[in-house]
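Student: how does the following fold in three dimensions:
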Amino acid sequence: MSLLTHERFEALAEAFGGEIARWPVADRDAAALLMAAEPAYAQGVLAAAGRLDAALDAWAAAPVPVALRERLIASAPGARARPALIPWLWRAGLGASLAAACAAGLPRDPNEPAKPKASPQDWESLGRDLGRAVRKFRDGGKPGG
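Tutor: Purely as a prediction, here's the structure:
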């Protein structure tokens, strides 16, 4: 534990207030020693910090006028509609996943042997088909039609 200088004691009082209990634990014992050695000085510094604490505790924000609040709410942008593309993409993704699972060789019948794995050309074809469907939908057409 080191002794506090007047400068450090004042800085702690400004930062943490007039109650030593709110100060960092590492500085409390040194502050108590300074208070015992120079009670008039310490009480003066803590009293000034305590007045500031009281003023800050008493402060409250002014209420917002109702007219201003209503103007702000009225000028706020409304909720955006969810684009119709998102649900369609989810369903298309599910369909593509199922198609990919079938193309990957999952048998339809447990007694039926597995089919060969999809080739890179199969994946490219699937990607092109999905790309065309997304572009068509984005341009105003209906997917799959």
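Student: quick one: Ala118 from Pro39, how far?
Tutor: Between Ala118 and Pro39 the computed distance is 86 Å (C-beta to C-beta, to the nearest Å). Every residue, glycine included, has its C-beta placed from N, CA and C.
Student: out of the two, which sits in the more crowded spot?
Tutor: More neighbours surround Ala118 than the other of Ala118 and Pro39, with 16 against 10 (other C-beta atoms under 10 Å).
Student: so the more buried one is in contact with Glu124, correct?
Tutor: No. Under the criterion of C-beta atoms under 8 Å, Ala118 is not in contact with Glu124, lying 10.2 Å apart.
Student: just the buried positions in the strand or helix carrying Asp27, please.
Tutor: For Asp27, the host element (DSSP states H and E) is helix 25-37. For helix 25-37, the buried set under the neighbour-count rule, 16 or more other C-beta atoms under 10 Å, comprises Asp27, Ala30, Ala31, Leu34, Met35.
Student: any idea which helix or strand comes after that helix?
Tutor: helix 39-58.
Student: next one: that following helix to chain centre, how far?
Tutor: How far helix 39-58 lies from its chain's middle: 37 Å, per C-alpha atoms, centre = their mean, to the nearest Å.
Student: so for whatever helix or strand comes next after that helix, mean pLDDT?
Tutor: On the C-terminal side of helix 39-58, the nearest following helix or strand under DSSP H and E is helix 66-75. Mean per-residue pLDDT for helix 66-75: 90.
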